[in-house]
Structures are given as C-alpha cells and as structure tokens.
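>>> model the structure of this input:
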Amino acid sequence: MLKHCLLGLLLTATTFMSYAQEAQPANSTNANTAYIIDNLYTFMRSGASKNYRLLGSVDAGTKLTLLSNEENGFIKIKDDKDREGWIETKFITKTAGLHQQYKTLSSEMSSMQEKLRQAQIELPQLQEQNQTLTDQNLQLSAQITKLKTTLEQERTQKEAASSKEKRQLLTYGGAIAFLGLFLGIILTIVLSRRKRYEGWA
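This is a model prediction of the structure:
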C-alpha cells in the first residue's frame, strides 16, 4: 500500500514538474545546471579519466554545476556539497530527475504549509482588527448622523429667526409709516385751522 502511495506521489510530482518546465521560458534555465541520472549513483574522480583516483560518490538525482566542456567522456562538475571533480558524461542529464523533483515539491509543500500555519495564526488577529474597524466605522457613522441632525436643526432655527426678524422689521416699518402719516394729517389740520383764525383776526 505504501509503495502504491509513493508511486502515485512520484507520478503526480513528475506531471507537475513537466508542466512547470514547459511553462517556463527556455532562457530561464541555467545552461550550467545538470543532474545525475536517476536509479544509480556514480563516482567522482580527480581527473578526466578512470585512471584518476576516486574522490567519492554522487547520489542519483543530485543537482550539479558544470565547470567545463566534455573531455574524454568526462566533464568537470561541482556537486551540492561544493565538491569539484570529474564524472562520466553518460551519467549526466540536463533534466531534473524524480529525486530532484521530489525534493523541490517537498520544499514547496513545506513552504506552503508554513504559510498556511502563519495565516491560521494571523486570521484571528485580522478578524479582531476587522471587528474593531467595523465598530469604529459604526461609531463614526453615528457621530456624522448626529452632526448632520444638529446642523439641520441650527439651520432651521436660523431660518426661523431670520423670518421672525423680517416680520418684526416690516411691522415696525409699517407702524412708523402709519404714525408719520397720522402726524402729518394732524399737523395739516392744525396748521389749516391756525390760518383760518389768523384770517378772521
């Protein structure tokens, strides 16, 4: 059962990585990057021949940096442990194998899981901040509504006071005009009588 699960995971990883490689531009691949082919390990030697001494082995799928051109069927490389040596060219491929794809996917999965965990930690804080901002918004809305009502009441009171003042001015003006007219009539009558009395004299 475990083997079937691992096989399914590897097939899924292969499909995903193949799609990712096709989606990437051709010039985005490092020309000096290569890998040890899958299903075997090979030996690293101190020179470009089997006559040179062994420096150690390199595991299948190991990511390499190519340091030279092919020479006698060998090529100089640097492995993921920063060791430099010569490996037979036939054991090197430019395509990442299942081992490297699995490592890449595992790293990406770990990164995503960490981001998810961080998001789960931050979610309650964000929800609390959202609730606080919502409450503040409601308070500000209530204050704005109250201020609008107060301003409307003040405007209505000013308009009423202005109308009252205008009515009072009209009333006072009418009273003054009537009083002036009344006094004018009285003065006219008085002066007319005085002239009559003076004429009789």
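
>>> where are the low-confidence patches of the protein?
In the prediction, the chain carries residues with pLDDT under 70 at positions 1-30, 38-39, 97-100, 195-201.

>>> so where do the strands sit in it?
33-36, 42-45, 54-58, 63-66, 74-78, 84-88, 92-93 (DSSP state E).

>>> what lines up beside the fourth one in the sheet?
By that I understand strand 63-66. Within its sheet, strand 63-66 is paired with strand 33-36 (antiparallel), strand 74-78 (antiparallel), according to DSSP bridges.

>>> what residues does it touch?
32-36, 58, 75-80, 87, 92, 96, 100 (C-beta atoms under 8 Å, 6 or more residues apart in numbering). In short, each C-beta sits where N, CA and C put it, glycine included.

>>> go again with 10 Å.
For strand 63-66, contacts defined as C-beta atoms under 10 Å, 6 or more residues apart in numbering pick out 30-36, 58, 75-80, 82, 84, 87, 89, 92-94, 96-97, 99-100, 103-104.

>>> give the contact list for the residue positioned nearest the centre of the chain.
With distances taken as C-alpha atoms, centre = their mean, Leu126 lies nearest the centre of the chain, 13.9 Å away. Leu126 makes contact with Ala119, according to C-beta under 10 Å, 6+ apart.

>>> my read is that Lys78 contacts Gly85, right?
Yes: assessed by C-beta atoms under 10 Å, Lys78 is found in contact with Gly85 at 8.4 Å.

>>> between these two, which contacts overlap?
Common neighbours of Lys78 and Gly85 are listed as Leu67 (criterion: C-beta under 10 Å, 6+ apart).

>>> which one's more surrounded, those two?
Taking neighbours as other C-beta atoms under 10 Å, Lys78 and Gly85 compare with Gly85 leading, 21 against 15.

>>> excluding residues flanking it in the chain, which one is nearest the more buried one?
Closest residue to Gly85 in three dimensions, ignoring its sequence neighbours and counting by C-beta to C-beta, 6 or more residues apart in numbering: Met44, at 3.6 Å.

>>> distance of the one you found from Asn69?
Distance of Met44 to Asn69, computed by C-beta to C-beta, to the nearest Å: 17 Å.

>>> again, but for Lys50
In this view, Lys50 and Asn69 are 19 Å apart by C-beta to C-beta.

>>> contacts for stretch 70-82 next, please.
32, 34, 36, 44-45, 47-50, 52, 55-56, 58-59, 62-69, 83-92, 100, 103.

>>> try it again at 8 Å.
Around stretch 70-82, the neighbours that count as contacts under C-beta under 8 Å, 6+ apart are 34, 44-45, 47-49, 58, 62-69, 84-90, 92.
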